[in-house]
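Chemist: make a model of this:
(chains A and B)
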Amino acid sequence: MKNTFARLSVIVSKINRQHVQLILAVLALAMLVLGISAPADGGLSPH
Amino acid sequence: MILLIALIAGLVVGLGRAGWQHRPYQAPTLQSTWLAFVAFFPQIVIAYLPATRHLLADWFASTVLLVSLVFFAVFAWQNRHIPGMPILLAGLVLNLTVITANGGWMPISPQTASRLTGSDVLGLASLGSRFGQKDILLLSQNMHFEFLADRFLLPDWIPYKVAFSLGDILVGTGIFWLLVHPSVKATMPPGERVHLDYI
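Modeler: Prediction:
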C-alpha cells in the first residue's frame, strides 16, 4: 500500500498544468467530433 | 467512432512533428471549452447510451440533437481562428443542414444500411425508423439534401463497416489538421513557456 501511494505521488508530481490543458483540450475536441458527426456504425464485419 | 481515429491520428502526427522539431507540443488554445461539454452531455443520453437511447420520444430526442448541434456550432465559431476549425465548422454546417431538413436525424438509405449490417434492414426496421445512433431510414427519393446524407462507405476489404457523410469527411479533415498544426509557431525558442488561457 505504501509503495502504491509512493508511486502514485511520483506520477502525480510529473503532471503539470500544460498536460492537464492538453487533456482537457483533446477531450473537448473529441466531444466536438463525436457530437457534430453522424456516421452510421456497422462495427467489425465477421467476413 | 471512425472520426475519433482522425483525432487520434492528428494528435499522434502533431506530437511526432513537435518531437522531430525538438519543441513542445502546444495544445490548441480553445475558447469556451465548457460549451463542448454542455453540448455533448444530452447526446450521451439520446444517442450513445443503449440503456437511455430509446427512453425518450423520437421527436424530443431529435430536438435535443439539433439544440446540441447549435451549441457545438457556437463553440466552433468562437474558435474559428484555430487552423482546421473552419473546415470542421463547414462539416458541421453541412451535417446540421441535412439533419434539420430530415426531421432531426441523419438520413441513410436502406441499401446503405443493409451494406453495414450484412442483411436486409427492412426486415428488421421500417422506413422512417431510427437506425444506429443518429440516423433515420429513408428512401433516397424521400431525402432532403440526399448528397449530404450518410451515403459513403469504406472499401469492402476494410472489415470495419461505417457509413458517413460529406460533412463527416470535412469534420475528420478539420480535426486532423487542427491537431497536426499547433497554434504556436515553430520559431519560438525551445523551452519558452506559453501561458495558455482557454476557458
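Chemist: wait, what's in contact with residue 41?
Modeler: This is for chain A. Residues in contact with residue A:41 (CB atoms under 8 Å, 6 or more residues apart in numbering or on different chains) are B:1, B:2, B:116, B:132, B:133, B:161, B:162. C-beta coordinates here come from the backbone N, C-alpha and C atoms, glycine included.
Chemist: hmm, no, I was thinking of chain B.
Modeler: Residues near residue B:41 by CB under 8 Å, 6+ apart: none.
Chemist: assumed it was part of a strand.
Modeler: No. Read with DSSP: H, G, I helix; E, B strand; the rest coil, residue B:41 is helix and lies in no strand.
Chemist: please read off the pLDDT at it from the model.
Modeler: Listed pLDDT for residue B:41 reads 94.
Chemist: coming back round to it: may I see the contacts of residue A:41 organised as TSV, with secondary structure, neighbour count and distance to residue A:41 added?
Modeler: Below are the contacts of residue A:41 laid out as TSV (DSSP: H, G, I helix; E, B strand; the rest coil; neighbours: other CB atoms under 10 Å in any protein chain shown; distance: CB to CB, whole Å):
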residue	secondary structure	neighbour count	distance to residue A:41
B:1	coil	12	6
B:2	helix	16	8
B:116	helix	23	8
B:132	coil	23	6
B:133	coil	21	7
B:161	strand	19	8
B:162	strand	20	5
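Chemist: of the residues you listed, which pair is most distant in space?
Modeler: Taking CB to CB, the two most distant members of the contacts of residue A:41 are B:133 and B:161; they sit 14.4 Å apart.
Chemist: let me see the ranges of the helices in chain B.
Modeler: B:2-20, B:33-43, B:50-53, B:58-78, B:85-101, B:110-117, B:166-180 (DSSP state H).
Chemist: now do chain A
Modeler: Going by DSSP H, chain A shows helices at A:2-14, A:17-36.
Chemist: which stretches of the chain have low pLDDT?
Modeler: The chain I'm using is chain A. Chain A contains residues with pLDDT under 70 at A:12-15, A:43-47.
Chemist: actually, chain B is the one I wanted.
Modeler: Residue ranges of chain B with pLDDT under 70: B:182-199.
Chemist: comparing the helices of chain A, which comes out most buried?
Modeler: Here the criterion is mean neighbour count by mean count of other CB atoms under 10 Å in any protein chain shown, and of the helices of chain A the winner is helix A:17-36, at a mean of 20.
Chemist: out of the helices of chain A, which is closest to chain B?
Modeler: helix A:17-36 (3.9 Å; CB to the nearest CB).
Chemist: show residues contacting that closest one.
Modeler: Against helix A:17-36 from outside (CB under 8 Å, 6+ apart): B:3-4, B:6-7, B:11, B:24-28, B:30, B:33, B:36-37, B:39-40, B:43, B:48, B:68-69, B:72-73, B:75-76, B:88, B:91-92, B:95-96, B:167, B:171-172, B:175, B:178-179, B:196, B:198.
Chemist: near chain A too, which of the residues you listed?
Modeler: B:3-4, B:6-7, B:11, B:24-28, B:30, B:33, B:36-37, B:39-40, B:43, B:48, B:68-69, B:72-73, B:75-76, B:88, B:91-92, B:95-96, B:167, B:171-172, B:175, B:178-179, B:196, B:198 (CB under 8 Å from any CB of the partner chain).
Chemist: filter those down to the buried ones.
Modeler: B:3, B:6-7, B:11, B:24-28, B:30, B:33, B:36, B:39-40, B:43, B:68-69, B:72-73, B:75-76, B:88, B:91-92, B:95-96, B:167, B:171-172, B:175, B:178-179, B:196, B:198 (16 or more other CB atoms under 10 Å in any protein chain shown).
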